[in-house]
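Asker: Have a look; sequence and predicted model below, questions after that.
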Amino acid sequence: VLYFPLHLFGYLLLLEALIRLLVPAPQTGTAAALRKARGLAFLLLGLLIVDRQHAASLILAVLFGVAFLLDGGFRLAAAVVVRFVGWQVSLLAGLFELGFGVFILEPYPTLYKGTVPFCIGMSLFLSGCALLRQAVRFRHLPPLTNPVAL
């Protein structure tokens, strides 16, 4: 049983997409183009979420699954090739994203009806992990250090 208000979330995505597409971007060039592309992506996702057809759930699952697979693959490649500070954590995050992408593409638990709630939950989880890592970094700063200058 699904208790998540998907259609409300879809309408909020549509509203954000319209704002991104209709309000002029403060930047120019590549930043403005990326803003418009993000608005178009949100518009597509919002329309697919609001649509009550079964095919929309399948399309959303494929889009989210491929996005997680691509992002995980790029994160793995960057961690293996560049070997920056903290590359091990990035490598584990890439493996986690690859696993989640495969999980989203599999129809087992919810037959694609739970794709959007799973992805929202995953984005909240990953945002929380990033905030926790940032908080730990700020906690280890020496006293009287300006974190904005970092």
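Answerer: Great, that's in hand. Residues are numbered from 1 along each chain as shown.
Asker: In this model Leu40 seems to touch Glu16, though I could be wrong.
Answerer: No: Glu16 is beyond contact range of Leu40, at 11.9 Å (criterion: C-beta atoms under 8 Å). From N, CA and C alone the C-beta is placed, and that goes for glycine too.
Asker: So what's the residue count around Phe96?
Answerer: The burial count assigned to Phe96 is 16, neighbours taken as other C-beta atoms under 10 Å.
Asker: Which residue, other than its chain neighbours, is closest to it?
Answerer: Gly72 (7.4 Å; C-beta to C-beta, 6 or more residues apart in numbering).
Asker: I figured the one you found hits Leu92, correct?
Answerer: No: if you go by C-beta under 8 Å, Gly72 and Leu92 don't touch, sitting 10.6 Å apart.
Asker: more neighbours, the two?
Answerer: Gly72 (20 against 13).
Asker: does the more buried one sit in a helix, a strand or a coil?
Answerer: Under DSSP: H, G, I helix; E, B strand; the rest coil, the three-state class of Gly72 is helix.
Asker: what's the answer for the one 5 residues further on, then?
Answerer: When classified by three-state DSSP, Ala77 comes out as helix.
Asker: Count the neighbours of it for me.
Answerer: Ala77 has 11 neighbours, counted by other C-beta under 10 Å.
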